[in-house]
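J.: turn this into a structure:
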Amino acid sequence: MNVGILGVGAHVPENVVSNSDLEELTGLTDTWVREKTGIEQRRHCATGEPVADMALHALMDACRRSGIDPGEIDALVTSTSTPAGVMPGLGVRLIADAGLNLAMTPVDVVGAGCAGAVGLLHLGARLVEAGVGTVAVVQSEASSSLMRLHDVRRGEALPTTIFGDGACCWLLRPCRDGTGILFNATRTDPAGNEGLALHGTDIHSFAMDPRAVKRFALREVPALLGRLEEGSGTPVAAADLILLHQANLRLIEGVLDILDVPISRTCTTVQDYGNTISASVGITAARAIDAGLLAPGALVFLAAFGAGWTTNGTVVRWCAPADFVR
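T.: Residues are numbered from 1 along each chain as shown. Take a look at the predicted model:
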């Protein structure tokens, strides 16, 4: 059974935080941040705004774009690295708030990190392949809840600057042969994973080695795309669009340079929203649709990378409405 992406929804908070807003707190100038990361601003949730609220907005946006009622969703997968509590999980809150089918047990993943931006699609697709009709994969990240803006310690200035809040929702449904997800690839190499890790509940317990992250991304993301090429039988050069995890703009540019792919073959949101962790690829896919860059029949490579030195990738033939089967 092939699995297609019926629709993608996204949501970011209204509160815009510019580089200049953070400069006095972090010591990093607007000019430096733009030059080194390409990030110009990000969004932060209002005080007390739950990660579940963003998730709900993204899910409803996906349903609206896809022309379905939330009651048609048969299974739910959620992801966050910033949960409001341990249990019940984000999925239970979404079932209640969105009025979803009660005959389901949500699958809640905590800590998938940035690689989960595509990895959770793999999990959702498995549920569709197992016979579930319509699956919602909802990823919601409120990294600002981890920040301690008036206590930025040594080594925390860069992560305080690069991360932003946002949510996305992918709707998955069975589709006809030759369309939808054509191939998936994943790899985890945990050696040295302390270079990118969150050990507690705030940024004081966050470890990030920027040089190690850069080396990992520029080595492993092109390798991931190579595996996608081999497995799908399609060269990256033939892709209509390549959507990468929005870690920072300079890393995206570096990966595309290695692949000899022009920046015009991608879409980015990191300059406006920062690194939205597991929500980044979905948010960017929604922007690409709105910009007319992602239409039925398009061949799309998706790639994400992050904590655990994990990479996840997918090759998708974007579906038309007539491609889906029930």
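
J.: tell me how far Cys63 lies from Ala117.
T.: 20 Å (CB to CB, to the nearest Å). Yep, even glycine has a C-beta here, placed from its N, CA and C like the rest.

J.: okay, those two: which has more neighbours?
T.: Between Cys63 and Ala117, counted using other CB atoms under 10 Å, the more crowded position is Ala117 (34 against 22).

J.: and Ala58, what element?
T.: In this structure, Ala58 is located in helix 51-66 according to DSSP states H and E.

J.: now that helix: buried residues?
T.: Residues of helix 51-66 classed as buried by neighbour count (16 or more other CB atoms under 10 Å): 51-63, 65-66.

J.: residues making contact with that helix?
T.: 6-13, 45, 69-70, 73, 78, 80, 82-84, 90, 93-94, 97-98, 136, 138-142, 145, 165-171, 279, 282, 286, 289 (CB atoms under 8 Å, 6 or more residues apart in numbering).

J.: drop anything exposed from the residues you listed.
T.: Of all those considered here, the ones buried according to neighbour count by 16+ other CB under 10 Å are 6-13, 45, 70, 73, 78, 80, 82-83, 90, 93-94, 97-98, 136, 138-142, 145, 165-171, 279, 282, 286, 289.

J.: next helix or strand past the helix or strand of the chain with the lowest mean pLDDT?
T.: For the chain, counting by mean pLDDT, DSSP states H and E, strand 196-198 ranks last in confidence among helices and strands (a mean of 72). For strand 196-198, the succeeding helix or strand toward the C-terminus, using DSSP H and E, is strand 206-208.

J.: elements contacting that following strand?
T.: Packing partners of strand 206-208 (3 or more CB pairs under 8 Å, 6 or more residues apart in numbering; DSSP states H and E): helix 157-162, strand 196-198.

J.: need these in TSV with distance to His204 and mean neighbour count, can you?
T.: Supplementary listing: these in TSV, determined by distance: least, CB to CB, whole Å; neighbours: other CB atoms under 10 Å:
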stretch	distance to His204	mean neighbour count
helix 157-162	11	20
strand 196-198	10	19
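
J.: export the ones you listed as CSV, with columns for distance to Ala247.
T.: Supplementary listing: these in CSV, determined by distance: least, CB to CB, whole Å:
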stretch, distance to Ala247
helix 157-162, 8
strand 196-198, 10
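
J.: closest to Arg219 out of these?
T.: When the helices and strands packed on strand 206-208 are ranked by distance to Arg219, counting by CB to CB, first place goes to strand 196-198 at 14.3 Å.

J.: show me where this structure has helices.
T.: Secondary structure of the chain by DSSP state H: the helices cover 19-26, 30-37, 51-66, 90-98, 116-129, 157-162, 210-232, 249-259, 270-273, 280-290.

J.: turn those into a markdown table, columns for distance to Asn312 and mean pLDDT.
T.: Formatted as a markdown table, the entries for those read as follows, by distance: least, CB to CB, whole Å; pLDDT from 0 to 100:
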| stretch | distance to Asn312 | mean pLDDT |
| --- | --- | --- |
| helix 19-26 | 30 | 94 |
| helix 30-37 | 22 | 96 |
| helix 51-66 | 19 | 96 |
| helix 90-98 | 20 | 93 |
| helix 116-129 | 4 | 95 |
| helix 157-162 | 20 | 90 |
| helix 210-232 | 8 | 93 |
| helix 249-259 | 15 | 96 |
| helix 270-273 | 18 | 98 |
| helix 280-290 | 10 | 98 |
